[in-house]
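J.: sequence and predicted model, in that order:
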Amino acid sequence: MKLRQGQFSFLPDLSDDDIRVQAQYAIDNGWAVSVEYSDDPHPRNTYWEMWGHPMFDNPDAAAVVFEVNECRKEHGGKYIRVIAFDASPGWESIRMSFIVNRPATEPGFRLVRQEAEGRVVRYTIESYATREPEGLRYA
Amino acid sequence: MTEDTDTAARPTHVDLAQSFEESGVKDVLRELDDSLVGLEPVKSRIRETAALLLVDKARRRMGLATETPTLHMSFTGNPGTGKTTVALKMADLLHRLGYVRKGHLVTVTRDDLVGQYIGHTAPKTKEVLKKAMGGVLFIDEAYYLYRPENERDYGQEAIEILLQVMENNRDDLVVILAGYADRMDRFFASNPGFRSRIAHHIEFPDYSGPELLHIAEQMLAAQNYRLDDDARGAMAEYIAARRRQPHFANARSVRNALDRARLRQANRLFNQAKGPLDADTLSTITEPDLRASRVFGGGLAVDRLDGGRRTGQAIQQAAE
């Protein structure tokens, strides 16, 4: 099951050139672009691991593509996304977020039912991938 | 349909004169001619490079060439011969020709690239390289990167990363190495990887006396000052005398001399002027402003004497 999170996730996977154009759009708007990776695809997993610092003072998006490719070398079997921060309102606000790398196979999510008080059923989802300990997922 | 788009994408004729006009290269070259005095070999090399890139661009449009040409350069020459200024112009030129996307110049030295401890160098170098992407990276006094006397020097690590990025990200950035000619030659001799990756070696000659005088007048004109006739003669003598003394740095020495002359001029006006001054007096540098320089007395006392034994004496004398 292909993970649909962030922008462009219903489109075919972005090429390096697509990534560069999108990141350049963010840079031209004055947003700081950064690269993050994770092996926990749960939609509520907001805080992914940072790959280096946010790129505050790079005028050209080639640097972003360069870092994405560096990150792919190290974490090619995980999800990698590019996000763009807008610092102008005075707090961290994400303007853009899109996935640029995904594992070879994505097992998807399991529906979990929990019996609660008075025959109430609580529903949640759990990624099949996260049954494995960290680092062994998507191996 | 497809045939149409094919022929549209690949023109059968190119008008070089027209693309020369359109790209704005002409403006950059004219600016270069106007703003830089002398430096004829450098200017002709830059014109040649511009012509090569224009032709290459036309060839690419016609589908005759696909590879990005190697644009990394080395600028060698004595201090104050305009290497940084030309690098700025070069960045502009490459930007207008479409070989770099942004055309900004990032100037760095060894300190910006090489770290203090193990594992510090690679991120530091990469950070600088990322900042320079889409523009030109200007490495001043590049030979300091390589320190043969210390085999565990982190400079080697920076060199390796630089070489790798210069090769793999040729579309993204252009690297210009700069420094004194003899030391750059030694640097290239011990790092053959650099020499082969750099296509354009440009040498900056020293300025002649009249050229430096011209530069002096240009610098003053930019600040709305001028030399009177006597002062012009004194300046020419100053340049000749300064050239024979140590640490002569071409245009930079001239700029420093002019800064000090402006200081003396202000002092003179302040002490001697009675009554209101007009704009002409305020912007004229006269002969005494220049003649007061120590250069006419033979330079600094420390530099005048050779040998450490007498230098100590001289400092002592100067202190008394």
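T.: In hand now; what should we look at? Residues are numbered from 1 along each chain as shown, chains lettered A, B, ... in the order given.

J.: give the residue spans of chain A that score low on pLDDT.
T.: Low-confidence segments of chain A (pLDDT under 70): A:139.

J.: would you tell me which residues of it are close to chain B?
T.: Contacts of chain A with chain B, taken as CB under 8 Å from any CB of the partner chain, map to A:52, A:55, A:57-63, A:66-67. For the C-beta atoms, the positions are set from N, CA and C on the backbone; glycine is no exception.

J.: let's go with 10 Å and repeat that
T.: By CB under 10 Å from any CB of the partner chain, the residues of chain A that approach chain B are A:20, A:24, A:27, A:52-53, A:55-67, A:69-70.

J.: helix, strand or coil for residue 123?
T.: Using chain A here. The local conformation at A:Tyr123, judged by DSSP: H, G, I helix; E, B strand; the rest coil, is strand.

J.: give me every residue that touches A:Ile94.
T.: When contacts are counted by CB atoms under 10 Å, 6 or more residues apart in numbering or on different chains, A:Ile94 touches A:6, A:31, A:34, A:46, A:83-86.

J.: what's the answer for B:Leu137, then?
T.: B:Leu137 touches B:72, B:87, B:91, B:104-108, B:113, B:128-129, B:131, B:162, B:165-166, B:173-177, counting by CB under 10 Å, 6+ apart.

J.: and the residue nearest the centre of chain A, how far from A:Arg4?
T.: Of all residues in chain A, the one closest to the mean position by CA atoms, centre = their mean is A:Arg81, 3.5 Å from it. Per CB to CB, to the nearest Å, A:Arg81 is found 13 Å from A:Arg4.

J.: what touches both of the two?
T.: Common neighbours of A:Arg81 and A:Arg4 (CB under 10 Å, 6+ apart) are A:Ile99.

J.: so how far is stretch B:276-286 off the chain centroid?
T.: 33 Å (CA atoms, centre = their mean, to the nearest Å).

J.: pLDDT (mean, whole number) over that stretch?
T.: Here stretch B:276-286 scores 87 as its mean pLDDT.

J.: any residues touching it, and which ones?
T.: Contacts for stretch B:276-286 (CB under 10 Å, 6+ apart): B:216, B:220-221, B:223-232, B:234-235, B:258, B:261-262, B:264-266, B:268-269, B:273.

J.: pretty sure A:Leu136 contacts A:Asp39?
T.: Yes - with contact defined as CB atoms under 10 Å, A:Leu136 counts as touching A:Asp39 (9.0 Å).

J.: which of these two has more neighbours?
T.: More neighbours surround A:Asp39 than the other of A:Leu136 and A:Asp39, with 22 against 10 (other CB atoms under 10 Å in any protein chain shown).

J.: isn't that one right up against A:Asn101?
T.: No - in terms of CB under 10 Å, A:Asp39 does not count as a neighbour of A:Asn101; the distance is 11.5 Å.

J.: give me the common contacts of those two.
T.: Shared contacts of A:Asp39 and A:Asn101, defined by CB under 10 Å, 6+ apart, are found at A:75, A:77-79.

J.: near chain A, from the contacts of B:Leu137?
T.: Residues of the contacts of B:Leu137 in contact with chain A (CB under 10 Å from any CB): B:104, B:106, B:129, B:131, B:165, B:173.

J.: what residues are up against the second one?
T.: Spelled out, that is B:Val106. Neighbouring residues of B:Val106 by CB under 10 Å, 6+ apart: A:59, B:91, B:112, B:128-133, B:135-139, B:173.

J.: restricted to strands, list these.
T.: B:136-139 (DSSP state E).

J.: okay, those residues in TSV with distance to B:Pro79 and pLDDT next?
T.: Shown next, in TSV, are the ones in strands among the contacts of B:Val106 (distance: CB to CB, whole Å; pLDDT from 0 to 100):
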residue	distance to B:Pro79	pLDDT
B:Val136	20	93
B:Leu137	20	94
B:Phe138	15	95
B:Ile139	15	94
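
J.: and the residue of chain A closest to chain B?
T.: A:Asp60 (2.5 Å; CB to the nearest CB).

J.: residues contacting that residue?
T.: Each residue near A:Asp60 by CB under 10 Å, 6+ apart is listed here: A:20, A:23-24, A:27, A:66, B:100-104, B:130-135, B:172-173.
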